[in-house]
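Peer 1: predicted model and sequence follow; I will ask about them next.
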Amino acid sequence: MSFIAVIPARAASTRLPGKPLLDICGKPMVVRTAEQAAQSQASRVVVATDDSQIQAAVQAHGFDAILTRSDHPTGTDRLAEVATQLGLAADSIVVNVQGDEPLIDPAQINAVAQLLAQTPDAAIATCATVITDAATLFNPNAVKVVCTLGQRALYFSRAPIPWARDALADGSQKLAPGLSALHHIGLYAYRSNFLMAYPGLPVGALESFESLEQLRALENGYSIAVHIAATHPAAGVDTQEDLDRIREIFTNRL
């Protein structure tokens with residue numbers, strides 16, 4: 001199995017300005033993420049950024065970084081530019097690792113890459129974990145996925161799916177006994193030829209209403225394989241509280 005890990009790192013962030021360069025025990029967050037990705041089986045780790053300061057910081061720590069346009073509407077569009085810049089072969093596998101996940105598990109990176117390599121008719125592979133609490137099922141910020149018996153994605157939604165009709169008939173919010181609801185994890189492996197096609201795919205109503213870019217692939221007939229992980233990954237960094245928590249974890253490690 002051969003794949004590369006690409007870490008998109010945009011300078012703009014509404015809640016944490018300059019997020020990729022925020023310090024975590026002496027190194028920028030995006031560098032900490034790259035160090036985790038480098039522990040996977042990826043043959044190459046590349047940071048894709050729209051900011052020359054981020055590029056310089058990443059390169060100063062010994063990692064590859066390339067400049068991309070700043071007007072990409074989605075992270076997948078940015079990866080498409082990366083695939084073009086690197087001249088990747090059509091069947092190359094690219095794993096998208098979010099730059100604000102300095103605790104990303106290298107084993108999960110390997111898992112999505114391996115799943116895609118073993119599923120030649122899928123364009124994408126991604127991850128999910130079993131939902132064990134009602135709060136997650138009914139939280140619109142927690143994306144759910146339902147799959148075929150062969151673990152191919154049927155649909156992604158912010159709504160609580162599958163809907164347990166009888167158990168929820170009384171209007172309560174609870175987990176129905178035996179319900180195999182899945183929480184989607186935003187870790188993706190792509191085939192390069194899909195990334196090349198993605199910017200030209202029409203945006204459908206489902207993607208627009210749900211605001212979930214992976215639905216563009218489903219709406220246009222592409223197959224997404226889903227790896228069911230045993231544990232949910234460590235949370236990324238979206239708020240100052242998240243950053244404080246991550247800093248404490250790294251302080252304890254070091």
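Peer 2: Received, thanks.

Peer 1: ok, now which ones touch residue 128?
Peer 2: If a contact means Cβ atoms under 8 Å, 6 or more residues apart in numbering, then residue 128 has 145, 147, 182, 183, 184, 185, 226, 227, 228, 229 as its contacts. Where C-beta positions appear, they are placed from N, C-alpha and C, glycine not excepted.

Peer 1: tell me the one among these nearest to residue 131.
Peer 2: Within the contacts of residue 128, the smallest distance to residue 131 is 5.0 Å, found for residue 183 (Cβ to Cβ).

Peer 1: who does the helix or strand hosting that closest one pair up with?
Peer 2: Taking DSSP states H and E as the criterion, residue 183 maps to strand 182-191. When pairs are called by DSSP bridges, strand 182-191 turns out to pair with strand 93-96 (antiparallel), strand 124-130 (antiparallel), strand 144-147 (antiparallel).

Peer 1: and the next helix or strand after it, C-alpha only, in CSV?
Peer 2: Using DSSP H and E, the next helix or strand after strand 182-191 towards the C-terminus is helix 192-197. Extracted in CSV, the C-alpha atoms of helix 192-197 (Å, rounded to 0.1, in the frame of the first residue of the first chain):
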residue,chain,number,x,y,z
SER,A,192,-6.3,11.1,-7.3
ASN,A,193,-8.6,10.8,-10.4
PHE,A,194,-11.6,11.6,-8.2
LEU,A,195,-9.9,14.7,-6.8
MET,A,196,-9.2,15.8,-10.3
ALA,A,197,-12.9,15.4,-11.2
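
Peer 1: helix 192-197 - contacts with which helices or strands?
Peer 2: helix 75-86, strand 93-96 (3 or more Cβ pairs under 8 Å, 6 or more residues apart in numbering; DSSP states H and E).

Peer 1: can you list contacts of the first one?
Peer 2: Around helix 75-86, the neighbours that count as contacts under Cβ under 8 Å, 6+ apart are 4, 6, 8, 46, 48, 66, 68-69, 72, 92, 94, 96, 98, 188, 190, 192, 195-196, 198-199, 213.

Peer 1: and the buried ones among those residues, selectable in PyMOL?
Peer 2: Those of the contacts of helix 75-86 that count as buried under 16 or more other Cβ atoms under 10 Å are selected in PyMOL with:
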select buried, resi 4+6+8+46+48+66+68+72+92+94+96+98+188+190+192+195+198+213
